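K.L.:
Sequence and computational prediction follow.
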Amino acid sequence: MSAILLAFGLAALAWVLVVGDLLRRNRPAWHWYLAGYPVAACRVLFTWRRVAVLNDLAVSRRPSRGLLGDLVVKGEPLRPIPPRISFPRATCFGLTVLVRLHAGQTPATYMAAADAFAHAWRVHAVRVTSPERGLVLLTATGSDPLERPGLASAPVSLLSAVIGVVESGRAWVIDLMLVPHWLIVGATRSGKSTLLARLITQLAPQRVALVGIDCKGGMELGLFAGRLSALTTSRREAVAVLGALVIDMQERMRVCRSAGVRSVWELPDKLRPVPVVVIVDELAELYLSDGTRESKAEAEQCSTLLLRLAQLGAALGMHLVVAGQRVGSELGPGVTALRAQLAGRICHRVNDPGTAEMTLGDLNKDAVIVAQSITAEEKGVAVCTGPDGGWGRARSHLTSTEEAASTAIKCAAITPELPGVTHALSALAGGDSA
């Protein structure tokens, strides 16, 4: 009888292990709620006191008597009191714990202990934020959802694109209506071009004019030429196209002023111009100069025109997505001024600390440190800002060359025309042939 029970128990255990592995692979959220969360919550509750004491988060309450200075004279020891915590609440791929700070404590001490929390609770990572004065929110992630960045579902609206997944397991959405201008940096083979490809394939089916500026001869954005309303492959062409867009922007201002509205989105549908998204690949090529007067003049023109679009374009349906391997002050003061207008920031793996600092330093110093820790094996992983002003790690969905080319061909028929831009390029080509 005991042998039968033992066999039955072993069979049940094997069945549980098999089902658990299937859930972990195919339904990670279910696996976390059923197995991962209860275990992690118990670890949080049972280890909190010890972790708080070891990381100097507890305070010692002195007895009312029996002390000579800090010397205990009546055998009553000083007892460390850890901060009070809430019961761990489950999230999709982790849990959250709310901590009430002791008087005099700041969130900085908890940020320094984030790795200690992750090791003690055996989770992937712990993020520390402060939702309000006197409170700290510890957000633990059970496993790294960026290892397999499948496409999470999210509603898609005009000028929004589902790019991949963020570290919380939710969809990574770039919404140009909420954050109109973006700066994307990353070294070679870090995932920057993949992200641009994903963004364009998401915007291609929408009623949006896409303008590409690729001074590397069109090697990157030329793949989408059929869906682009204009594609420039040199700085001289870029000056012509940006100038035409600024003129178009001024016309949109006139239309809004005549209608008594403050943005194109308040205009009736029949008067509203088509939104324009200008995608710049390799920003440095627009700012670098070989020292000649003509080259310097073109660089200054590009700097001025891009800055005008960034300052005034959001309310007029004109958006900038600027990408580059390196963004630094050595490119000139115009880059710093432009960066200040690009509220959306995405930083992949970079080759130098200055680029990460230039991209994220004015937003959050901790984000800079996390961006610098991205390894070469983590292709597509980046630190990005969110619409709420926060930041986090994210990973873009891999968009193959075949998928990108197929999307461009399929959506080519709906490419909006920009007469001013077309005329500027034709005039430039006519001048060159003459």
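P.N.:
It's in.

K.L.:
now the helices for the chain?
P.N.:
Assigned by DSSP state H, the helices in the chain fall at 2-26, 28-31, 37-54, 107-112, 114-121, 192-203, 235-259, 284-287, 293-312, 333-341, 353-360, 365-372, 401-410, 419-433.

K.L.:
Pull the distance from the third one to the chain's centre.
P.N.:
Using CA atoms, centre = their mean, to the nearest Å, the distance from the centre of helix 37-54 to the centre of the chain it belongs to is 31 Å.

K.L.:
And the residue nearest the centre of the chain, how close does it get to residue 173?
P.N.:
Centrality entry for the chain: nearest residue to the mean C-alpha point is residue 384, 2.1 Å, by CA atoms, centre = their mean. Applying CB to CB, to the nearest Å, the value for residue 384 to residue 173 is 11 Å. Backbone N, C-alpha and C define where each C-beta goes, glycine included.

K.L.:
Check residue 373 too.
P.N.:
24 Å.

K.L.:
Tell me which of the two has more neighbours.
P.N.:
Between residue 373 and residue 173, counted using other CB atoms under 10 Å, residue 173 has the larger neighbour count: 20 against 12.

K.L.:
distance of the more buried one from residue 232?
P.N.:
28 Å.

K.L.:
try residue 103
P.N.:
Counting by CB to CB, the separation of residue 103 from residue 232 is 60 Å.

K.L.:
So between those two, which is more surrounded?
P.N.:
Shown here are residue 103 and residue 232; by other CB under 10 Å, residue 232 has more neighbours (25 against 6).

K.L.:
For that one, list each beta-bridge partner.
P.N.:
Counting by DSSP bridges, residue 232 is bridged to residue 213.

K.L.:
Give me the pLDDT for it.
P.N.:
Residue 232 is assigned a pLDDT of 92 by the prediction.

K.L.:
what sits against it?
P.N.:
Contacts here follow CB atoms under 8 Å, 6 or more residues apart in numbering; on that basis residue 232 touches 212-215, 238, 240-241, 425.

K.L.:
Where does the record place the domain boundaries for this structure?
P.N.:
Using automatic domain parsing, the domain parsing of the chain gives 26-143, 146-433.

K.L.:
Of those domains, which stretch is the most buried?
P.N.:
Counting by mean count of other CB atoms under 10 Å, domain 146-433 has the highest mean neighbour count of these, with a mean of 18.

K.L.:
Kindly indicate which of the contacts of residue 232 lies nearest residue 250.
P.N.:
residue 241 (15.3 Å; CB to CB).

K.L.:
for that closest one, what are its contacts?
P.N.:
211, 213, 230, 232, 421, 424-425.

K.L.:
Format the contacts of residue 232 as CSV; extra columns: distance to residue 257 and pLDDT.
P.N.:
Formatted as CSV, those follow (distance: CB to CB, whole Å; pLDDT from 0 to 100):
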residue, distance to residue 257, pLDDT
212, 30, 94
213, 29, 94
214, 34, 91
215, 35, 86
238, 29, 92
240, 26, 93
241, 25, 93
425, 28, 87
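
K.L.:
Please verify my assumption that residue 140 contacts residue 122.
P.N.:
No. Under the criterion of CB atoms under 8 Å, residue 140 makes no contact with residue 122, lying 9.8 Å away.

K.L.:
Please identify every residue contacting each of those two.
P.N.:
Looking at what touches both residue 140 and residue 122 (by CB under 8 Å, 6+ apart), the common residues are residue 40.

K.L.:
tell me the contacts of residue 43?
P.N.:
Counting by CB under 8 Å, 6+ apart, residue 43 has contacts 120-122.

K.L.:
Export the residues you listed to JSON lines and append columns for pLDDT and distance to residue 162.
P.N.:
Written out in JSON lines, the entries for the contacts of residue 43 read as follows (pLDDT from 0 to 100; distance: CB to CB, whole Å):
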{"residue": "120", "pLDDT": "93", "distance to residue 162": "35"}
{"residue": "121", "pLDDT": "93", "distance to residue 162": "31"}
{"residue": "122", "pLDDT": "90", "distance to residue 162": "31"}
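
K.L.:
Residue 34: which of those residues is nearest?
P.N.:
When those are compared against residue 34 (criterion: CB to CB), the nearest one is residue 122, at 16.9 Å.

K.L.:
any idea how far the closest one lies from residue 144?
P.N.:
In this structure, residue 122 lies at 13 Å from residue 144, with CB to CB as the measure.

K.L.:
Over to residue 365?
P.N.:
Spatial separation of residue 365 from residue 144 under the definition CB to CB is 23 Å.

K.L.:
Poorly predicted segments of the protein, please.
P.N.:
With pLDDT under 70 as the threshold, the chain has low-confidence stretches at 1-29, 61-78, 147-155, 329-330, 431-434.

K.L.:
Which residues lie in contact with the residue nearest to residue 215 when sequence neighbours are not counted in this structure?
P.N.:
Of all residues not flanking residue 215 in the chain, residue 285 sits nearest, at 3.7 Å (CB to CB, 6 or more residues apart in numbering). Contacts here follow CB under 8 Å, 6+ apart; on that basis residue 285 touches 215-216, 235.

K.L.:
Please apply the same query to residue 212.
P.N.:
With contacts defined as CB under 8 Å, 6+ apart, residue 212 is in contact with 218, 221, 224-225, 228, 230-232, 279, 281.

K.L.:
before we move on, what about residue 201?
P.N.:
The contact partners of residue 201, taken as CB under 8 Å, 6+ apart, are 399, 403-404, 407-408.

K.L.:
again with residue 145
P.N.:
With contact taken as CB under 8 Å, 6+ apart, residue 145 is in contact with 28, 93, 165-169.

K.L.:
give me that answer again for 10 Å
P.N.:
In this structure, residue 145 makes contact with 28-29, 92-94, 124, 152, 164-170, 393-395, judged by CB atoms under 10 Å, 6 or more residues apart in numbering.

K.L.:
Kindly check the end-to-end length of stretch 348-358 for me.
P.N.:
Between the start and the finish of stretch 348-358 there is a gap of 13 Å, counting by CA to CA, to the nearest Å.

K.L.:
Check the gap between residue 207 and residue 276 for me.
P.N.:
Between residue 207 and residue 276 the distance is 11 Å, computed by CB to CB.

K.L.:
which neighbours do these two share?
P.N.:
residue 416.

K.L.:
Just the strands from the stretch 51-200 of the chain, written as ranges.
P.N.:
Shown for the stretch 51-200 of the chain, the strands assigned by DSSP state E, counting those that start in this stretch span residues 59-61, 67-68, 71-72, 79-81, 84-85, 89-90, 94-100, 125-129, 135-141, 160-166, 171-175, 181-185.

K.L.:
Residue 341 is nearest to which of those?
P.N.:
Counting by CB to CB, residue 341 lies closest to strand 181-185 out of those; the figure is 6.1 Å.
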